[in-house]
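1. Build me a model from this:
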Amino acid sequence: MRWIKDSVHGDVFISSIVGELIDTPEMQRLRHVVQTSFSNMIYPGANHTRFEHSIGTYYLMSRGCFFNKIKAPMGTKLVITALLHDIGHTAFSHALEGVLKRHTGKSHEDYSREKIQGGEIAEVLSRNGISPKGIADIFSEPIGKAILGYLGTDKMDYLLRDAYYTGVGYGSVDKDRLLRKIIIKDDGIALEEKGISAAEAMLMARFLMYSNVYLHPVAISADMMIARAAEYAIEEGALKAEELPVLDDCQLMGRLTGAGGRPSELARRIRERQLYKVASQLRMRELNNWLYLGNLSEKETAEIEGAIAAKAGIDPSEVILHIPTPWFKDVGIRVLKGGDYYSLDEASLITRLLKEAQWDYQHIRVLCPKEHQTAVGGVSLSFLDDYGGSRWQQ
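-> Model prediction:
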């Protein structure tokens, strides 16, 4: 048994089995996977990692089990799942999630489940009488929302932690109040009616962190560039997609640099902060065809990039079209009142407004090297609207 001093939560108690799991290679790798990908290019303090986030998620889940009086074996399964929930993440966190899924058909959570059921983690669990499959199954069970849901301990920790390290004031969460008012049951989680205000505050914090931190145009540019570099490296045989959940940030950057050609050039630009610039942007709601553009396939996106590049007289590889996806969907949280359950989406005007307001903060952006910014900006805005509008009418 030992204690860890966490910068966000203070003293965190570590049991012997949790200590064994922390010392596995799969967990130690997370020390070298930055939590918020390239947000440190805007907020220099944002160098925290998936490792400390995993510790924080574990801690909050242990508090949730305490408040709900959940003991072993379910309590043990929940806190261990919380600790291990991110071990399948690629280097640079979510920046490469799309690349991973396109080439392997799996998400980082799928790889987390696989790693839990194999290697040293499975050995540690089995040695302590815990089924690796039982832990992996929590991801897809209703009770897993206590960790991965909209009010889960995963989001609770990353909002607090990301706000702390970026220095912004948006990520405030009344964690103890919320954990006391969340009801954890086998069929999922629910919220006591008196916890609605705390839940709304957390959802508002998440909205503001997305619009000000996670979707900052500089971070988006670096994320898109590293994803494009990885795509090129995979196409050219310098990298296997299955390696993405195995390599850490430094290892991947080294592989891209050593690949030569386009992957190497993009890696160099990222290292030296010579990022692609925003040539043009529009709020999603301002586009006539915003619904259509939000559902473009990878092939259609490449067609638009190629057409913009042709009109601007540059290479297609120098144009990146970023189309955001909704970050705020139906919350799906039940509220307990009297003995009956009703939806938080129905009960909370704030929740409904946040879901609608995101479209005023979501931008379609066309990115390119600085030297082509004027040329690309001159053709991309009208082209996007004309292309999408005509296709949408078909």
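2. residues contacting residue 106?
-> Going by CB atoms under 8 Å, 6 or more residues apart in numbering, residue 106 touches residue 100. Placement of C-beta: from N, CA and C, glycine included.
3. Can you list phi and psi of it for me?
-> Note on residue 106: its backbone torsions stand at phi -120, psi 150 [degrees, to the nearest 10].
4. go on, residue 342?
-> According to degrees, to the nearest 10, residue 342 has phi -140, psi 170.
5. how many other residues sit next to the residue lying closest to it once chain neighbours are set aside?
-> Leaving aside its sequence neighbours, residue 342 sits nearest to residue 335 (CB to CB, 6 or more residues apart in numbering; 5.6 Å). Per other CB atoms under 10 Å, the neighbour tally for residue 335 reads 23.
6. Can you read off the pLDDT for residue 335?
-> Per-residue pLDDT puts residue 335 at 94.
7. Can you list the strands that the helix or strand hosting residue 5 pairs with?
-> Assigned by DSSP states H and E, residue 5 belongs to strand 2-6. Partners of strand 2-6 in the sheet, by DSSP bridges, are strand 10-14 (antiparallel).
8. what's the average pLDDT for the partner strand?
-> Per-residue scores along strand 10-14 average to 96.
9. Ok, stretch 215-223 next?
-> 96.
10. Contacts for it next, please.
-> 36-39, 41-42, 92, 94-95, 213, 270, 275-278, 281, 320, 322, 324, 327, 361-363, 365, 367.
11. Am I right that residue 279 is in a strand?
-> Yes - the assignment for residue 279 by DSSP: H, G, I helix; E, B strand; the rest coil puts it in a strand.
12. Provide a list of residues in contact with it.
-> Per CB under 8 Å, 6+ apart, neighbours of residue 279: 366, 367, 368, 372, 373, 376, 377, 380.
13. I figured the fourth one hits residue 314, correct?
-> Yes - shown here, residue 372 and residue 314 form a contact pair, counting by CB atoms under 8 Å, at 5.1 Å.
14. Look up the closest residue to residue 188, ignoring the ones flanking it.
-> Spatial nearest neighbour of residue 188, chain neighbours left out: residue 142 (3.8 Å); criterion: CB to CB, 6+ apart.
15. can you pull the contacts of that neighbour?
-> Taking CB under 8 Å, 6+ apart, we find residue 142 in contact with 186, 187, 188.
16. burial count for residue 267?
-> Residue 267 is flanked by 23 other residues according to other CB under 10 Å.
17. the strands in the stretch 51-200 of the chain, which residues?
-> 182-185, 188-192 (DSSP state E, counting those that start in this stretch).
18. TSV for those strands, including mean neighbour count and distance to residue 306?
-> Listed next are those as TSV, based on neighbours: other CB atoms under 10 Å; distance: least, CB to CB, whole Å:
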stretch	mean neighbour count	distance to residue 306
strand 182-185	19	48
strand 188-192	19	45
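19. any chance of these in TSV, plus distance to residue 349?
-> Listed next are these as TSV, based on distance: least, CB to CB, whole Å:
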stretch	distance to residue 349
strand 182-185	21
strand 188-192	16
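20. Adding mean pLDDT and distance to residue 73, write those out as JSON lines.
-> Below are these laid out as JSON lines (pLDDT from 0 to 100; distance: least, CB to CB, whole Å):
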{"stretch": "strand 182-185", "mean pLDDT": "94", "distance to residue 73": "14"}
{"stretch": "strand 188-192", "mean pLDDT": "93", "distance to residue 73": "19"}
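21. any idea how far residue 21 is from residue 171?
-> 27 Å (CB to CB, to the nearest Å).
22. With neighbour numbers in mind, choose between these two.
-> Using other CB under 10 Å, the more surrounded residue of residue 171 and residue 21 is residue 21, with 25 against 22.
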